[in-house]
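> how does the following fold in three dimensions:
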Amino acid sequence: MIAQRGLFAGPDPVISKDLYAQLVSGGARRDRTTLTLEPASKVSGNTYFGRFPAGYWQRWTSAGVVEVELEASGSGTVSLLASDFEGEPRVVAAQVVDGAPISLAAPLDRFVDGGALWLDWETEPGERLVVRDVRWTVPAAERARPTVVTICTMNRPADCLATLTAIAGDDLALAAVHAVYVVDQGTDHVSAEDVLPPAKLRYLRQPNRGGAGGFTRGLYEVAGEHVNVLFMDDDIVLEPDLIVRMTAFSAATAEPLILGGQMLNLLHPTRLHAAAEYTDLDGIRPGRPVRHSLHAVDLLATDPATGRPYRQEFRVDAGYNGWWACLIPAEVVKEVGYPLPLFFQGDDAEYSYRAREQGFPTVTLPGAGLWHTDFPWKDADELNRYFILRNYTIISALHGDFPVLKIAGTLLAELVEALLGMRYGAAATLIQAVSDFLDGPDILRDGGVSALARIREVRSRHPETVVHPPTAVPGLASNDIVISEPGVFDRLALGPLLGVHRLAVGSVPVSEADWWRVGALRTAVVTDASQRGVRVRTYDRGHLARLAYQGARVLTRFIRDGAAVREQYRAALPRLTSRDAWTGLFSDEGLIA
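As a prediction, the model looks like this:
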C-alpha cells in the first residue's frame, strides 16, 4: 500500500520546491516526480513533504516496516536516514545506483516519542543521477477502504474548481477517492461537471447551514456506506498527496481515529500554522498549540535553539483538528453521531472532544499539508467572533469543567477592552453571544440561520465594523489622517473613560491598536488585519455607557444561570447530534423537530 509519494515540486509555482527537496550542494533540477542531480551534487528529502512521519506510524498503526521504492538511472548514491525525537540523524540504509530498481526498508521500531525517515541523494564528480517515482509503501491494511471527499463551498466557485481540478489531475489521489461531494451553499454556483468523472462527482445545493451543515451533509449522504469521509475547505491550495497519505494512514491504524491534515499559510506558503492544536475549554480559547508542537514557524528557517531547520521531531497528540482537512472514519460516526449544528466555528473542536470521550482520539499527521488563508490576516472584530464566543462557551459547557466565574471574568475582560478601544460593535457582538448562549439549546434548532441574520443586524448598527479604502474614509480628508504616536499618559484611559482625548484624529497600525493607544484619539483610523483597508473608531459616550450596562446585566445573568443552562445543553446533545436532527435541518423547513 502506498503511504506517500516522494515529490520534488509543489502543485503550484508559488510553492517553494524546498518544502519537498532541498539542494544541499551542486546543481539539480526538481520536477514534480523527477529529480535530476548534476555531478558533485547533493539533495536532501529532510523537508516538510519529504519526510515520512515514522513516530506517528509506529504509535498509531499496525505497520511494522516501511519500504521506499524508486526508479533511478545514471550513477550516484541513495541513502535512507532517520531522526529521533531530538532531531539527531542516523543512516538506516544506503544503495549505490547501478541500474537496478532501488528498494530500501526501515523497521518502525524506534520512534515512539518521535522522529522521521527521509531520503538523501548524492553524486560524486563525474556522476549524474536521475530519480523518479519515489513511493513509500507499507504492508496492505486489513481495513483499507475508499475515501469520500466532502467540500463545503459558498460563493467561491474558482477556488472550489481549482481543488477539484487538483484531485482530477492526480491519478493516485483520484484512485483513492470513491466520490467527491460538493455541497454548494452559495448563490454563485460551482460548475464541476467537466472537471471530475461523472461517477465520482456528487453535486448538492442547499441553503447556507454554515460549515457544520455543509460538512455534515457529506456524512449524512454516505450513511450505510463503510467509507472514510475527508472534509476539505474550499479556500485552499491542495497538495493531492494529502489524500493519499491520509487515506493510507487511516487504513493502517490499529483502531479507528479522527485524522487531521496540517495547515500552511496561503499568503506565506513556507509557514506552518501549527503541528497540532487543542482548545482551552474553560478559557474560551481555541487554536492553542500543543506543547512541543511547531507553531507559526517558517519551515525553511533555522531554529536558533538547535541550529537545525524547523522539523516536527516530537510526536505530539492533538486535541482537535480544523476541518480544512480532516478525515472521519465510519466507525466514529456510528458511535459518536453527527456534528453539533453550531453553524460554524467550533464544530470541529466539539466533535473531536466528544469523540475522545468515547475512545476516539484525534491525530494531526505531519506532512499531510495544504495551504489555507492565513489566520493572522483575518480581523478579530468580525461576525465570526460571535460564533467563536457563543460556540466555545457551549463547548466548555459540554466538555469542560465550565467554571462560571472564570469564564465570566474572561468575557468581562474582552468586553472592557472592546469598550475602551471604541470597538462598540465587538462589545455588542459579545453581549449577543452570551445572551444567546443563555437562551439554551433551542438556539441551535435552525442550525444557526437566525443567529447569523441577528448578529449581522446587530453589527450593522456600528460603523466601525465596516472596512473602508484608506483613501476614502468617511468624513475625513485623506491628507488629514496621519499616524499618531503613543503618549506617556495614554494608559490612564482618560479618553475612553472621561472623554478627554489627546488628539482629535489619528491613524493607528493594526499591530499597535491596543485599547490605550486607540483610546487616546477621539477618532482613530485603524488598519484592518486583512490590510485591505481601514476602520474608523469614534468615541461615543452614550454607546459606551449603554453597552457597559447591557454587558453587566448579561454577565450577571451568566453567573446566576450558567450552571443550569449547562445542564440543558448536556441533556440536549444526543438529540441535536442525531440523524433525525439533521434530517430536519436538511428538509425544506430547515428545523430540528
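
> against residue 315, how distant is the closest residue to residue 518 other than its chain neighbours?
Taking CB to CB, 6 or more residues apart in numbering as the measure, residue 518 lies nearest to residue 524, with 4.5 Å between them; neighbours along the chain are not counted. Placement of C-beta: from N, CA and C, glycine included. Per CB to CB, to the nearest Å, residue 524 is found 46 Å from residue 315.

> neighbour count for these two, which is higher?
Under the criterion of other CB atoms under 10 Å, the comparison of residue 524 against residue 315 puts residue 524 first, with 28 against 25.

> three-state assignment of the more buried one?
Secondary structure for residue 524, judged by DSSP: H, G, I helix; E, B strand; the rest coil, is strand.

> one more: residue 141?
At residue 141 the chain is in coil, as set by three-state DSSP.

> dump the residue contacts of the residue nearest to it when sequence neighbours are not counted.
The shortest distance from residue 141 to any residue that is not its chain neighbour, by CB to CB, 6+ apart, is 4.0 Å, and that residue is residue 251. Contacts were defined as CB atoms under 8 Å, 6 or more residues apart in numbering; by that measure residue 251 touches 1, 141, 143, 144, 145.

> one more pass at 10 Å, please.
If a contact means CB atoms under 10 Å, 6 or more residues apart in numbering, then residue 251 has 1, 3, 61, 63, 138, 140-147, 176, 228, 329 as its contacts.

> highest neighbour count among the residues you listed?
Note: the member of the contacts of residue 251 with the most neighbours is residue 228, at 26 neighbours, neighbours being other CB under 10 Å.

> and the pLDDT for that one?
Reading off the per-residue confidence, residue 228 sits at a pLDDT of 94.

> same thing with residue 225?
Residue 225 is assigned 84 on the pLDDT scale.

> distance of it from residue 329?
Residue 225 is 12 Å from residue 329, by CB to CB.

> which residue, other than its chain neighbours, is closest to the residue nearest the centre of the chain?
A centroid search over the chain (CA atoms, centre = their mean) returns residue 322, at 4.1 Å, as the residue closest to the centre. Excluding the flanking residues, the one nearest residue 322 by CB to CB, 6+ apart is residue 348, at 5.6 Å.

> what helix or strand is the one you found on?
For residue 348, the host element (DSSP states H and E) is helix 347-357.

> can you map out the strands along the stretch 101-250 of the chain?
Counting by DSSP state E, counting those that start in this stretch, the segments of the stretch 101-250 of the chain that form strands are 102-107, 117-122, 129-137, 147-153, 177-184, 201-205, 228-232, 236-237.

> of the ones you listed, give the one that comes closest to residue 276.
Closest to residue 276 of those is strand 228-232 (CB to CB; 17.3 Å).

> elements contacting that closest one?
Using 3 or more CB pairs under 10 Å, 6 or more residues apart in numbering; DSSP states H and E as the contact test, the elements touching strand 228-232 are strand 147-153, helix 157-168, strand 177-184, helix 210-221, helix 241-252, strand 258-265, strand 325-328, helix 330-336.

> highest mean neighbour count out of those?
Between those, strand 325-328 has the highest mean count of neighbours, a mean of 28, where neighbours are mean count of other CB atoms under 10 Å.

> only C-alpha atoms, please: export that strand in CSV.
Below are the C-alpha coordinates for strand 325-328, written out as CSV (Å, rounded to 0.1, in the frame of the first residue of the first chain):
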residue,chain,number,x,y,z
ALA,A,325,-8.6,18.7,6.0
CYS,A,326,-10.0,16.2,8.5
LEU,A,327,-10.8,12.5,7.9
ILE,A,328,-13.6,10.8,9.9
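
> low-confidence ranges, the stretch 201-350 of the chain, go.
Filtered on pLDDT under 70, the stretch 201-350 of the chain yields no residues whatsoever.

> mind splitting the chain into its structural domains?
Dividing the chain into domains by automatic domain parsing, as the record does, gives the ranges 2-137, 147-377, 384-542.

> now the end-to-end length of the last one.
Put plainly, it is domain 384-542. Using CA to CA, to the nearest Å, the span of domain 384-542 from its first residue to its last is 26 Å.

> ok now it, how far from the chain's centre?
Between the centre of domain 384-542 and the centre of its host chain there is 24 Å, according to CA atoms, centre = their mean, to the nearest Å.

> for the shortest one, same thing?
In terms of CA atoms, centre = their mean, the centre of domain 2-137 is found 27 Å from the chain centre.

> now do the end-to-end distance for it.
Its first and final residues considered, domain 2-137 spans 4 Å by CA to CA.

> and what of stretch 418-431?
End-to-end distance (CA to CA), stretch 418-431: 11 Å.

> for it, what is the average pLDDT?
Across stretch 418-431, the average pLDDT comes to 97.

> rewinding a little: want to try a markdown table for the helices and strands packed on strand 228-232, with distance to residue 113 as columns?
Shown next, in a markdown table, are the helices and strands packed on strand 228-232 (distance: least, CB to CB, whole Å):
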| stretch | distance to residue 113 |
| --- | --- |
| strand 147-153 | 29 |
| helix 157-168 | 35 |
| strand 177-184 | 34 |
| helix 210-221 | 33 |
| helix 241-252 | 19 |
| strand 258-265 | 19 |
| strand 325-328 | 24 |
| helix 330-336 | 26 |
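
> looking at those, which is closest to residue 366?
strand 258-265 (6.6 Å).

> circling back to that earlier point, partner residues bridging the residue nearest to residue 518?
With beta bridges defined as DSSP bridges, residue 524 has these partners: residue 506, residue 537.

> show me what contacts it?
Contact partners of residue 524, counting by CB under 10 Å, 6+ apart, are 421-422, 464, 481, 484, 495, 501, 503, 505-508, 513, 517-518, 534-539.

> check what pLDDT it gets.
The model reports residue 524 with a pLDDT of 92.

> what does residue 552 give?
Confidence per residue is given as pLDDT, and for residue 552 that number is 98.

> check residue 496 too.
On pLDDT, residue 496 comes in at 66.

> next one: residue 504
At residue 504, the pLDDT value in this model is 82.

> centroid-wise, who is the farthest residue in this structure?
Residue of the chain lying farthest from the centroid, by CA atoms, centre = their mean: residue 126 (46.6 Å).

> next up, the contacts around the nearest residue to residue 314 once chain neighbours are set aside.
Distances taken as CB to CB, 6+ apart place residue 292 nearest to residue 314, at 4.0 Å, with adjacent residues excluded. For residue 292, the contacting residues are 85, 113, 114, 275, 276, 312, 313, 314, 315, 316, 317, taking CB under 10 Å, 6+ apart as the criterion.

> try residue 483
When the contact criterion is CB under 10 Å, 6+ apart, the partners of residue 483 are 506, 507, 508, 509, 512, 525, 527.

> next one: residue 484
Per CB under 10 Å, 6+ apart, neighbours of residue 484: 490, 502-503, 505-509, 512, 517-518, 520-521, 524-525.

> which two from those residues end up farthest apart in space?
Maximum pairwise distance among these (CB to CB): 17.5 Å, between 502 and 509.

> what about the two, which has more around it?
When residue 502 and residue 509 are compared on other CB under 10 Å, the one with more neighbours turns out to be residue 502, at 17 against 12.

> three-state assignment of residue 304?
When classified by three-state DSSP, residue 304 comes out as coil.

> please disregard the earlier target; I meant residue 32.
Residue 32 carries the three-state label coil when classified by three-state DSSP.
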